[in-house]
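**Student:** I need the structure of the sequence given here:
(one chain, ligands or ions: 1)
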Amino acid sequence: MSNYHIKNLEEYYQVYRKSVRNPELFWEEVAEEHFVWKKRWDRVLDYDFSKPEVKWFEGAQLNITENCIDRHLPSKADKTAIIFEPNNPDEPALHISYSELHERVCKFANVLKSKGIGKGDRVCIYLPMIPELAVALLACARIGAVHSVVFAGFSATALATRINDCEAKMVITADGSFRGNKTIDLKGIVDEALTTCGSVTTVLVAKRIDTEILMEEGRDAWLAPLLETAESDCPAEIMEAEDPLFILYTSGSTGSPKGMLHTTAGYMVYTAYTFKNVFNYKDGDIYWCTADIGWITGHSYIVYGPLANGATTVMFEGVPSYPDYGRFWEVVQKHKITQFYTAPTAIRALAKENLEFVNSYDLSSLKVLGTVGEPINEEAWHWYNDNVGKKKAPIVDTWWQTETGGMMISPIPFATPTKPTYATLPLPGVQLALMDEQGNEVVGNQVDGRLCVKFPWPSMARTIWGNHQRYKDTYFSAFDNAYFTGDGALRDEVGYYRITGRVDDVIIVSGHNLGTAPIEDAINEHPAVAESAIVGVPHDIKGNALYGYVILKETGEGRNHDNLRKEINQIITEHIGPIAKLDIIQFTPGLPKTRSGKIMRRILRKIAHNELDNLGDISTLLNPDIVEAIIRERMTPSVP
Ligand code: WTA
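**Tutor:** Here you go, the predicted model:
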């Protein structure tokens, strides 16, 4: 493809300028050259950010699975599409060819149909990283059902909230999952969730850990026997360009999780284009992204982006520490991985361990390294560059979001000189702006501001499922005519971007976005808790740890604080999942509040960070005395 494989920085600027001067022509060329369409579009782009409404390739008809699978069959039927690397290294890896993937997806799609699922129906997928997960996504897409994957580390309550929000008719799950040397009872969690979900009529269960589980008559069915008897061909449903492809929930700073809705054509074009360019993907490469498909990274860059390019993509069921901290590198050596994409939190965790874990393996196949999910600190960047890439594999620090669908800021390997902690330059078609708090664009270099995008790109989320007003309020109201990312950024002297972090009440812990409000709501459910507030504090491995300030009711005051801390974390685990547990809990008699009753998180953040010299003006608070009391009782973050 003409716009693919930008070879040097000059060419990047040429391509970028072209993409900005005439975005429609730019994306039309990409769409024309690389994909199969059942019907061509009438119009490349139609948009109005004030509504907001965005339509790409309107009038076009297609099916994304034909582009991800069928299209490759004439030339690549026997090529491996998916390598499944199990949790246990002694279990053999599974190589699924494009023709096998075709058959698996068709059979699965026929099973969905036999259970009454059709175009537009929502299907919730709650599966571990086993092949059925990727196949389930594609099977939904094959028949036009809208998948909504929920990360299989979320609790029953969190799962139920998501199922109810999108009114899923079906849940696809497994009897259980492996995680290092543990097993997790997934089906039990689903059963618990479904006690409060009226919309679900069918549960399909994949067998993974082979344990006794309860099957509810009339609702639950094992997947394997259904697949065995299903027809191995399933015609692809004809989809309109803007038909929904999937919903994926992301945490907001307030309220319930937001079901970001992604649509078909633009998402496909953009994820395929960015995959190929940002990873310098070439035929024969073996690509591995360590994310879980429960997150957007897995959707776009384990499943859709790689498969749309006819690539070989690895699905890893395990964790970086099992059976030891050499697992990632063992897998790189075993499958001769060429592109490796992971999160800074994983790099930091591995960098703490003995270097022998890295040096015992042959990593010479690696050509490009990637990171995503949170800012990468300089130390971790160098460790990755020196020890994993041996200074030969460029690091692509990719900035993007569930909402953006695909990568937005990233170096192009071998073209953009990298700079530690900088995501560098916007990808073609991405028009960024930094805004000041008054809403004016900050121009020039060596400036900072709130990161916005001024022009539509094909894979942007189109709405929040069932709540367009919230979509508008969250992303299009802070600044006129621009999408607001919620992140702060600075632009250096050559125009490189560095993401400085969230400017709202979302805290990124180990690469997972956590809204403060839902965690506080969970804590406040504890009978002894009156009120609470959460802030993030820097943490060596996780990036941020959670520091909670908790006010007890009178009934809680005589109680043992360590027991209360355990109970509070137990409630959080039940409501959200173990990822949201607090590292530090400080009991306090009050919280600093404005006269209108708003909690002053800025002050709480500074106290947690031990920045006591510049707390700012506290005299206007409703209760200035409380600040002294909180400082006196401050807990030192001594988290593991
Ligand atoms: C943060 C993940 C710095 C950012 C694809 C963003 C990053 C949020 C980077 C989205 C990066 C992601 N450098 N920060 N390279 N990548 N972020 O929705 O704050 O899980 O808004 O999408 O992660 O997280 P999400």
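**Student:** Other residues contacting stretch 274-283?
**Tutor:** Identification of contacts with stretch 274-283 by C-beta atoms under 8 Å, 6 or more residues apart in numbering yields 1, 3-6, 285, 287, 300-301, 305-306, 308-311, 339, 341, 367-368, 370, 396, 398, 406-407, 410, 412-414, 427-428. (Glycine included, C-beta is placed from N, CA and C.)
**Student:** Please report phi then psi for Thr254.
**Tutor:** Here the main-chain torsion angles of Thr254 (degrees, to the nearest 10) amount to phi -130, psi 160.
**Student:** gap between the closest residue to Asn544 other than its chain neighbours and Gly543?
**Tutor:** Counting by C-beta to C-beta, 6 or more residues apart in numbering, Gly536 is the residue found nearest to Asn544 once chain neighbours are left out, at 3.8 Å. Using C-beta to C-beta, to the nearest Å, Gly536 is found at 8 Å from Gly543.
**Student:** ok, the nearest residue to Ala265 once chain neighbours are set aside - how many residues close by?
**Tutor:** Excluding the flanking residues, the one nearest Ala265 by C-beta to C-beta, 6+ apart is Ala241, at 3.6 Å. Counted by other C-beta atoms under 10 Å, the residues lying close to Ala241 total 26.
**Student:** Who are the contact partners of Ala241?
**Tutor:** Neighbouring residues of Ala241 by C-beta under 8 Å, 6+ apart: 41, 55-62, 263-266.
**Student:** Just the ones in helices from those residues, please.
**Tutor:** The helices, defined by DSSP state H, take in 265-266 from the contacts of Ala241.
**Student:** For the contacts of Ala241, I'd like a selection string for PyMOL - just the buried members, please.
**Tutor:** Buried members of the contacts of Ala241, defined by 16 or more other C-beta atoms under 10 Å, are picked up in PyMOL with:
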select buried, resi 41+55+56+57+60+61+62+263+264+265+266
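**Student:** any chance of the contacts of Ala241 in CSV, with distance to Pro456 and pLDDT too?
**Tutor:** Below are the contacts of Ala241 laid out as CSV (distance: C-beta to C-beta, whole Å; pLDDT from 0 to 100):
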residue, distance to Pro456, pLDDT
Trp41, 15, 98
Lys55, 9, 98
Trp56, 7, 98
Phe57, 12, 98
Glu58, 13, 98
Gly59, 17, 98
Ala60, 16, 98
Gln61, 21, 98
Leu62, 19, 98
Thr263, 12, 98
Thr264, 16, 98
Ala265, 13, 98
Gly266, 9, 98
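**Student:** Check which helices and strands the helix or strand that contains Ala517 is in contact with.
**Tutor:** Element membership of Ala517 [criterion: DSSP states H and E] is helix 516-524. Secondary-structure packing of helix 516-524 (3 or more C-beta pairs under 8 Å, 6 or more residues apart in numbering; DSSP states H and E): strand 529-539, strand 543-552, helix 561-575.
**Student:** Please identify the most buried of the ones you listed.
**Tutor:** Most buried of the helices and strands packed on helix 516-524, by mean neighbour count (mean count of other C-beta atoms under 10 Å): strand 543-552, with a mean of 24.
**Student:** Work out the gap between it and the centre of the chain.
**Tutor:** Distance of strand 543-552 from the chain centroid (C-alpha atoms, centre = their mean, to the nearest Å) equals 24 Å.
**Student:** Many thanks, have a good one.
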